[in-house]
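K.L.:
A structural model of the following input is requested.
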Amino acid sequence: MKKVKVSVIIPVRTITPYVRETVAFLKKQSEKDFEIIIVTDQPESLAGTKIIASGEPTPAYKRNLGAGIAQGKVLAFLDDDSYPSQEWFENALNILSEERSKDLAGVCGPTLTPPKDNLYQKASGWVWATWLGSGGAGIYRNRIMPRREVKDFPSVNLLIKKNDFEKVGGFDINHWPGEDTKLCLDLIKLGKRIIYDPQILVYHHRRAVFLPHLKQISRYALRRGHFARIFPETSFRLGYLIPSAFTYAIIIGIPLCLLFPFVRILYFLLFIFYFLLLLQVFFEVFITEKNLYLAFLTMTAIITTHLTYGFLFPWGFLQKKLKTSPHKIDKKRGVYLGG
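P.N.:
Numbering: from 1, shown residues only. Below is the predicted model:
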């Protein structure tokens, strides 16, 4: 069966060194039948790509704009700070062309931390790659796991058949982050499936701990909390709720310990249990990476991640509407600022 052509769509504010890296890796793909569409704020140029200037709308709008001119039958979505493995297209297309794939809308796979990322980025990557750190998001998104069906997956590594993408109206431009969650939900409601396969591999540069990482976590917490209210099918889940239960138990537990002595025992046991879970992660990172400082960074990053996410999730749940705004950039250096 002849493989279909792929259109890679990358929304950016400006061409950054990471984007140039992404394009360089795309050009090394074993499958050569593809095009690269980059949607920027202002007119720019980059060899081997089609660039559309869109102004400063949401990434979801930019992805839809790119999809509108795409020639491929498969739309491959990447973030501007990610790059694919050499067989990314080939492996994805093989799955999409399998028999009994009429109800298969798309495929996705793990996003691993690049080996050359610094220790602070690797600590962020380990937060996402551990059960304790990723919680409801699922560790399969950030480490190699067996093939499975999924109902929610980020657009950093997501390939969707164009006809199915068009049937659901593309991305909802009112959401960022979270537009990918809504797209996947719309496809599932259409009766379609999305397959996660470990061979559809992408590398994703992480936000360094602590401030950039926590800024990103803040956005995710508010949006996921809001989605728990309006899209409970994918977002009102135990894994997303536990950090809030933990965080507010700590806050409320302090005065309760002063009023009721027996609460102190429960409070103490909670901390002991949590510390044991952290210790397990500490040793996993240390044994894998052979770096004591990285193991300590990861453990600390998980704590701050849980407290930040846990505190903000309910605030997102209570909001009737969340504002979206693009990343700030340093136009002279061509880099993003903050998280």
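
K.L.:
and this structure, what are its domains?
P.N.:
Per automatic domain parsing, the domain ranges recorded for the chain read 6-110+145-204, 207-339.

K.L.:
and these, which one's lowest on average pLDDT?
P.N.:
Ranked by mean pLDDT, these bottom out at domain 207-339, which scores a mean of 89.

K.L.:
for burial, what's the neighbour tally of E21?
P.N.:
17 (other CB atoms under 10 Å). For every residue, glycine as well, the C-beta is placed using N, CA and C.

K.L.:
quick one: residues contacting G169.
P.N.:
G169 makes contact with D186, according to CB atoms under 8 Å, 6 or more residues apart in numbering.

K.L.:
what's the following helix or strand after the top helix by length along the chain?
P.N.:
The longest helix of the chain (DSSP state H) is helix 261-289. Using DSSP states H and E, the helix or strand that follows helix 261-289 in sequence is helix 292-318.

K.L.:
and that next one, what does it pack against?
P.N.:
Here helix 292-318 touches helix 119-129, helix 131-134, helix 211-230, helix 238-259, helix 261-289, going by 3 or more CB pairs under 8 Å, 6 or more residues apart in numbering; DSSP states H and E.

K.L.:
for the longest helix of the chain, which positions count as buried?
P.N.:
By neighbour count on 16 or more other CB atoms under 10 Å, the buried set for helix 261-289 is V263, Y267, Y274, L278, V281, F282, E284, V285, F286, E289.

K.L.:
how close does the fourth one get to Y240?
P.N.:
Counting by CB to CB, to the nearest Å, the separation of L278 from Y240 is 20 Å.

K.L.:
how about the domains of the chain, which one is nearest G125?
P.N.:
Comparison of the domains of the chain against G125 by CB to CB identifies domain 6-110+145-204 as nearest, at 8.0 Å.

K.L.:
please save the CA atoms from whatever helix or strand L185 lives in in PDB.
P.N.:
Assessed by DSSP H and E, L185 sits inside helix 179-189. The C-alpha trace of helix 179-189 is given here as PDB (Å, rounded to 0.1, in the frame of the first residue of the first chain):
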ATOM      1  CA  GLU A 179      -6.600  22.400  22.700                       C
ATOM      2  CA  ASP A 180      -5.200  18.900  22.200                       C
ATOM      3  CA  THR A 181      -7.300  17.400  24.900                       C
ATOM      4  CA  LYS A 182     -10.400  18.900  23.300                       C
ATOM      5  CA  LEU A 183      -9.400  17.600  19.900                       C
ATOM      6  CA  CYS A 184      -8.900  14.100  21.200                       C
ATOM      7  CA  LEU A 185     -12.200  14.200  23.000                       C
ATOM      8  CA  ASP A 186     -14.000  15.300  19.800                       C
ATOM      9  CA  LEU A 187     -12.400  12.400  17.900                       C
ATOM     10  CA  ILE A 188     -13.400   9.900  20.500                       C
ATOM     11  CA  LYS A 189     -17.000  11.200  20.500                       C
END
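
K.L.:
neighbouring contacts of that helix?
P.N.:
58-60, 63, 77, 105-106, 150-155, 158, 160, 164-165, 168-173, 175, 194, 227, 231, 233-235.

K.L.:
helix/strand/coil for Q29?
P.N.:
coil (DSSP: H, G, I helix; E, B strand; the rest coil).

K.L.:
next: K116.
P.N.:
coil.

K.L.:
change the start of the numbering to 734 and stick with it
P.N.:
In the new numbering, first residue 734, that becomes K849.

K.L.:
mind checking how far it is from T1031?
P.N.:
For K849, the distance to T1031 - CB to CB - is 18 Å.

K.L.:
more neighbours: which of the two?
P.N.:
Per other CB under 10 Å, whichever of K849 and T1031 has more neighbours is T1031, with 29 against 9.

K.L.:
would you map the strands across the stretch 734-883 of the chain?
P.N.:
Per DSSP state E, counting those that start in this stretch, the stretch 734-883 of the chain carries strands over the ranges 739-744, 767-773, 783-786, 807-811, 815-817, 837-841, 844-845, 881-883.

K.L.:
for those strands, give me a markdown table that also has mean neighbour count and distance to G858.
P.N.:
Putting the strands of the stretch 734-883 of the chain into a markdown table (neighbours: other CB atoms under 10 Å; distance: least, CB to CB, whole Å) gives the following:
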| stretch | mean neighbour count | distance to G858 |
| --- | --- | --- |
| strand 739-744 | 26 | 21 |
| strand 767-773 | 22 | 25 |
| strand 783-786 | 16 | 30 |
| strand 807-811 | 27 | 17 |
| strand 815-817 | 23 | 12 |
| strand 837-841 | 25 | 18 |
| strand 844-845 | 22 | 8 |
| strand 881-883 | 13 | 20 |
